[in-house]
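Colleague: my questions are about this predicted structure, shown below with the sequence.
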Amino acid sequence: MRKFLAILSLSLALPALAAADQTLDQATLQKAAERACNRTERVSLGFQGECTVSSLDRRVLTGDVVEYTFDVRVGAGAYDVITVHRVVRETAPFEPVRTDDSVLLLHGDIWGFRPAFTAEPARNLPVYLAQNGVDVWGIDQRWINVPASETDFAFMQGWGFQHDIQDLYLSLSVARGVRLFTGNGFDRMHLLGWSRGGMIGYAYLNAETRVAEGLRNVEGFIPVDIYLKTDDAGFREAACRRSVQRQAQLATQTWQDSTGTLVQTIALLSTVDPLGLSPIFPGLTNRQAGLLVGEATFVLLVPNEPAPFYHFTGGNFAPLPAVSGLPVPTGLRYSPEETWLTMLGGASAYQPVRQLADAELMMCDQQDVPFDDHLAEIDNPVLYVGAGGGFGEYGVYTTTLLGSTDVTTHLVDLTPAELRLFDYGHADLFIGTDAQTLVWQPILSWLQAH
């Protein structure tokens with residue numbers, strides 16, 4: 001039925017495409033963007049504006065797998081630009097292979113598409129999926145490209161979840177348009193959202209329930225290591241405390257969160273002066289500080305951490321704490337240290353406080369917001385992927401609130417519950433040495449089955 005509706009939508013919107021060209025060029029991208037900006041469901045969701053494509057680039061990742069990158073301007077502001085990525089095999093330069101399966105990857109906090117998903121250019125989830133016949137897309141949200149030198153953040157004032165839903169809609173529509181115009185058909189795409197990207201994914205599907213089924217963009221949904229709602233009272237209370245902090249920032253017109261700037265500094269020092277004393281974490285070296293952000297991320301969030309011993313990368317620690325009371329990391333358990341530090345160094349300087357505030361309101365669940373009103377009407381197939389040292393099993397609850405009857409859970413738990421501190425981490429899912437076996441292959445199998 002869904003394929004029939006997609007075909008019906010196509011027949012209403014476009015002429016026959018018997019002469020579809022396989023070549024990817026700027027004209028094709030512009031045609032897809034113009035189509036996306038004028039589609040019926042965009043109007044029904046309240047979105048307006050023009051779209052212009054620029055800066056089509058190509059880089060080889062490994063073998064015949066390449067990454068195409070281009071910008072879609074969606075407004076007049078300096079940063080009203082979405083950067084779109086596509087990782088796919090090709091038969092010749094700018095001639096991607098035709099595929100049946102497709103997925104768009106949405107990053108979370110701090111990092112855009114490249115540092116989040118391709119920290120190792122030749123060994124990563126997008127490359128693995130592309131090598132196995134999947135057309136992989138991704139985006140950088142607008143805030144990713146805001147430089148550290150920026151001082152006026154008034155443009156970020158309204159950059160919350162509604163803004164993110166619009167940008168995700170447009171990105172999916174552009175991707176589907178490009179696939180259509182290059183002979184790949186018009187089937188809906190799968191959506192994978194990691195961390196905050198998973199929350200935005202839930203909110204997006206919530207919005208898609210308001211449009212006709214034949215006009216929706218997403219087929220299956222893969223939320224990775226995140227929850228939108230929780231049945232744990234302690235986690236809700238922590239989210240409410242974080243929410244109070246975010247609302248206080250908005251009340252003082254602080255529109256930007258600068259965590260990424262701090263992360264950039266930690267990463268730089270850990271690379272250029274690894275044995276020097278950290279100015280951020282007294283008692284640790286710069287290398288240890290870089291590892292601490294990965295191995296014990298929860299210390300930055302205490303007492304409001306979203307899950308017990310939450311961390312990006314599972315690691316090992318010295319027997320005794322530093323003088324400052326911080327745990328002393330000695331090395332990573334599951335991911336290459338160089339890859340983690342590369343990922344760390346790819347942090348973006350600023351992130352919208354409004355986006356973070358909207359997320360906390362949904363997790364706190366004490367104030368009505370429009371982004372979660374129709375969860376029970378979401379009926380897409382779902383694969384929840386969790387890490388034992390991240391959100392893990394706590395992300396399963398949100399899936400029970402959906403109307404979906406096809407829900408699969410894949411948890412990577414490598415330690416007993418009492419050793420959660422040492423378990424597979426939030427970022428190990430993408431950069432872990434054994435991630436292909438533990439995580440990527442199950443994702444590929446699910447995509448191929450749906």
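Modeller: All right, it came through fine. Numbering: from 1, shown residues only.

Colleague: next one: stretch 348-358 to chain centre, how far?
Modeller: Here the centre of mass of C-alpha atoms in stretch 348-358, compared against the chain's by Cα atoms, centre = their mean, to the nearest Å, lies 14 Å away.

Colleague: hmm, who's touching it?
Modeller: 109-112, 143-148, 150, 153, 156-161, 163-164, 196, 243, 246-247, 249-250, 254-261, 264, 369, 371 (Cβ atoms under 8 Å, 6 or more residues apart in numbering). Any C-beta I mention is one placed from the backbone N, CA and C, and that applies to glycine too.

Colleague: make a PyMOL selection of the buried ones in those.
Modeller: Selecting only the buried entries of the contacts of stretch 348-358 in PyMOL, with 16 or more other Cβ atoms under 10 Å as the criterion:
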select buried, resi 109+110+111+112+143+144+145+146+153+156+159+160+161+163+164+196+243+246+249+255+256+257+259+260+264+369+371
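
Colleague: now stretch 211-229: buried residues?
Modeller: Taking 16+ other Cβ under 10 Å as the neighbour-count basis, stretch 211-229 is seen to contain the buried residues 211, 214-229.

Colleague: low-confidence ranges in the stretch 51-200 of the chain?
Modeller: Low-confidence segments of the stretch 51-200 of the chain, defined by pLDDT under 70: none present.

Colleague: would you map the strands across it?
Modeller: Under the criterion DSSP state E, counting those that start in this stretch, strands of the stretch 51-200 of the chain are mapped to 52-62, 65-73, 81-92, 95-96, 101-106, 134-140, 189-194.

Colleague: could these go into TSV alongside mean neighbour count and distance to residue 378?
Modeller: As requested, those are arranged in TSV below (neighbours: other Cβ atoms under 10 Å; distance: least, Cβ to Cβ, whole Å):
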stretch	mean neighbour count	distance to residue 378
strand 52-62	14	31
strand 65-73	20	26
strand 81-92	20	24
strand 95-96	18	31
strand 101-106	25	16
strand 134-140	26	21
strand 189-194	25	12
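
Colleague: need those strands in CSV (columns: distance to residue 340).
Modeller: As requested, those are exported to CSV (distance: least, Cβ to Cβ, whole Å):
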stretch, distance to residue 340
strand 52-62, 19
strand 65-73, 21
strand 81-92, 21
strand 95-96, 31
strand 101-106, 19
strand 134-140, 20
strand 189-194, 16
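
Colleague: what about the helices in the stretch 301-450 of the chain?
Modeller: Assignment of helices within the stretch 301-450 of the chain using DSSP state H, counting those that start in this stretch yields the ranges 337-345, 353-364, 396-399, 428-431, 435, 441-449.

Colleague: residue contacts, residue 117?
Modeller: Contacts for residue 117 (Cβ under 8 Å, 6+ apart) come out as 105, 107, 124, 125, 126, 138, 194, 430.

Colleague: between the residues you listed, which sits nearest residue 398?
Modeller: Ranking these by separation from residue 398, with Cβ to Cβ as the measure, puts residue 194 on top at 14.6 Å.

Colleague: quick one: the closest one and residue 110 touch, right?
Modeller: No: taking Cβ atoms under 8 Å as the contact criterion, residue 194 and residue 110 are not neighbours in contact, 11.3 Å apart.

Colleague: overlap of the contact sets of these two?
Modeller: In the contact map built from Cβ under 8 Å, 6+ apart, no residue is linked to both residue 194 and residue 110.

Colleague: can you give me how far the longest helix seen in the chain is from the chain middle?
Modeller: Taking DSSP state H as the assignment, the helix of the chain that covers the most residues is helix 161-181. Centroid displacement of helix 161-181 relative to its chain, using Cα atoms, centre = their mean, is 14 Å.

Colleague: with stretch 442-450 instead?
Modeller: Computed by Cα atoms, centre = their mean, the separation of stretch 442-450 from the middle of its chain amounts to 18 Å.

Colleague: low pLDDT regions in the stretch 251-400 of the chain?
Modeller: Judged against pLDDT under 70, the low-scoring parts of the stretch 251-400 of the chain cover residues 321-324.

Colleague: which residues of it fall in strands?
Modeller: In the stretch 251-400 of the chain, the segments counted as strands under DSSP E, counting those that start in this stretch are 256-257, 315-317, 329-332, 351-352, 382-387.

Colleague: what pairs with the first one, parallel or antiparallel?
Modeller: Same thing as strand 256-257. In the sheet, strand 256-257 lines up against strand 351-352 (antiparallel) (DSSP bridges).

Colleague: what number of residues lie near the closest residue to residue 265 other than its chain neighbours?
Modeller: Residue nearest to residue 265 in three dimensions, not counting chain neighbours: residue 280, with 7.0 Å by Cβ to Cβ, 6 or more residues apart in numbering. Other residues within reach of residue 280, judged by other Cβ atoms under 10 Å, total 15.

Colleague: enumerate every residue touching residue 280.
Modeller: 262, 265, 266, 269, 289 are the contacts of residue 280 under Cβ under 8 Å, 6+ apart.

Colleague: if we use 10 Å, what do you get?
Modeller: With contacts defined as Cβ atoms under 10 Å, 6 or more residues apart in numbering, residue 280 is in contact with 262, 263, 265, 266, 269, 286, 289, 290, 292, 293.

Colleague: just residue 147 next, same as before
Modeller: Counting by Cβ under 10 Å, 6+ apart, residue 147 makes contact with 79, 348, 349, 350.

Colleague: circling back to that earlier point, list just the nearest of the contacts of residue 280 to residue 190.
Modeller: Distance from residue 190 was checked for each of those by Cβ to Cβ. The minimum falls on residue 263, at 29.5 Å.

Colleague: ok, the residue lying closest to the closest one once chain neighbours are set aside to residue 431 distance?
Modeller: What sits nearest to residue 263 in space, not counting adjacent residues and going by Cβ to Cβ, 6+ apart, is residue 347, at 4.0 Å. Separation of residue 347 from residue 431 (Cβ to Cβ, to the nearest Å) stands at 14 Å.
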